[in-house]
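Visitor: Predicted model and sequence follow; I will ask about them next.
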Amino acid sequence: MKHTKTIAGALAVLGTGLALAAAGASGGAGGAAAVAGQLSQNGGLPQGSEPVDLDPVDFTTRIDNRFWPMKPGNKWVYRETDSRGTKEKVVVKVTGKTKLIANGITARVIRDTVSERGVPVEITDDWYAQDKQGNIWYLGEYVTNYSDGQAVDHAGSFEAGVDGAQAGIAMPANPKPGLSYRQEYYKGEAEDKAAVITVGEEQVQVPFGFFKKGVLMTRDLVPTEPKVQELKFYAPGVGPLLSMHTDGPGGRAALISFTKGS
């Protein structure tokens, strides 16, 4: 992978994100104009905490974005490790279920199961829908956290349209280097942001295979946890290949298998 170029690009995007945050925090007409300008530059994608006015008729549960196709039955299996010796299995499956979100949009339910030595650690239902332009929107999640195999709480759950929570972008329709967007917004709980670093410049080797064409690289930031940053790689027609934390113990999730739904 092109680490030198990647890090330089990531720092440039971080600067863009900080500038945007400052514009949003300034308040008043000037701040609003700055945010509007940034939205225009970023394809109209949401950036910070600003509410979005989404029309349910513009959305579908048929999600065919080339960088993350969510056809019912599609299943991704990942091996997640870190420098502390953690070894977890992550299974992400597109279900045939849908959910009517509080903001009026019907979303596709994606089941994300994390387990360690066969014992569940976290099971989450994520909710996604795609707009007419091809952007995949993230509309919330219902999380069940486990301890010693027993469900203990639902910390981290949120739903767009409830208690001020806002939808975000999981995958842009036309990702281009420098494009930034919020992934989710629930004040103090879920405020993740992302930016596109490169398209078609990276090569990725994971247990599932070697990918050298059309790979998309993004960088995730978590404003509520400033030290957290994550690089993610996607392949056309497959979806997420690899994610790598550059903070803390350096968690890494690599794709082991991908199965298409029938």
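Guide: On my side now, so go ahead.

Visitor: The helix or strand residue 254 falls within pairs with which strands?
Guide: Here residue 254, judged by DSSP states H and E, is contained in strand 252-259. The strands that strand 252-259 pairs with in its sheet are strand 75-81 (antiparallel), strand 239-245 (antiparallel) (by DSSP bridges).

Visitor: Please identify the most buried of those.
Guide: When neighbours are counted by mean count of other Cβ atoms under 10 Å, the highest per-stretch mean among the strands paired with strand 252-259 falls to strand 239-245, a mean of 20. C-beta coordinates here come from the backbone N, C-alpha and C atoms, glycine included.

Visitor: State the mean pLDDT of it.
Guide: In this model, strand 239-245 has an average pLDDT of 95.

Visitor: Check what contacts it and list those residues.
Guide: In this structure, residues lying in contact with strand 239-245 by Cβ atoms under 8 Å, 6 or more residues apart in numbering are 67-69, 74, 76, 82, 92, 204, 206, 208, 211, 215, 228-235, 250-255, 258.

Visitor: could you show me where the helices are in the stretch 1-150 of the chain, in order?
Guide: Using DSSP state H, counting those that start in this stretch, the helices of the stretch 1-150 of the chain run over 3-25, 28-41.

Visitor: avg pLDDT for the last one?
Guide: Read that as helix 28-41. Across helix 28-41, pLDDT averages out at 44.

Visitor: please renumber so the chain begins at 28
Guide: Done: numbering now begins at 28, and the last item shifts to helix 55-68.

Visitor: beta partners for residue 285?
Guide: Beta-bridge partners of residue 285, counted by DSSP bridges, are residue 103.

Visitor: Tell me how many other residues crowd it.
Guide: If you count neighbours by other Cβ atoms under 10 Å, residue 285 ends up with 20.

Visitor: That one contacts residue 102, correct?
Guide: Yes: taking Cβ atoms under 8 Å as the contact criterion, residue 285 and residue 102 are neighbours in contact, 7.2 Å apart.

Visitor: Now tabulate the strands paired with strand 279-286 in CSV and tack on distance to residue 214.
Guide: Conversion of the strands paired with strand 279-286 to CSV gives the following (distance: least, Cβ to Cβ, whole Å):
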stretch, distance to residue 214
strand 102-108, 28
strand 266-272, 24
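
Visitor: List the contacts of the nearest residue to residue 255 once chain neighbours are set aside.
Guide: Of all residues beyond its chain neighbours, the one nearest residue 255 is residue 249 (4.3 Å), with distances taken as Cβ to Cβ, 6 or more residues apart in numbering. If a contact means Cβ under 8 Å, 6+ apart, then residue 249 has 218, 219, 220, 255, 256 as its contacts.

Visitor: what about the nearest residue to the first one once chain neighbours are set aside, is that helix, strand or coil?
Guide: Take residue 218 and drop its neighbours on the chain: the residue closest to it by Cβ to Cβ, 6+ apart is residue 250, 4.9 Å away. For residue 250, the reduced secondary structure class is coil; criterion used: DSSP: H, G, I helix; E, B strand; the rest coil.

Visitor: can you count the residues close to residue 250?
Guide: If you count neighbours by other Cβ under 10 Å, residue 250 ends up with 16.
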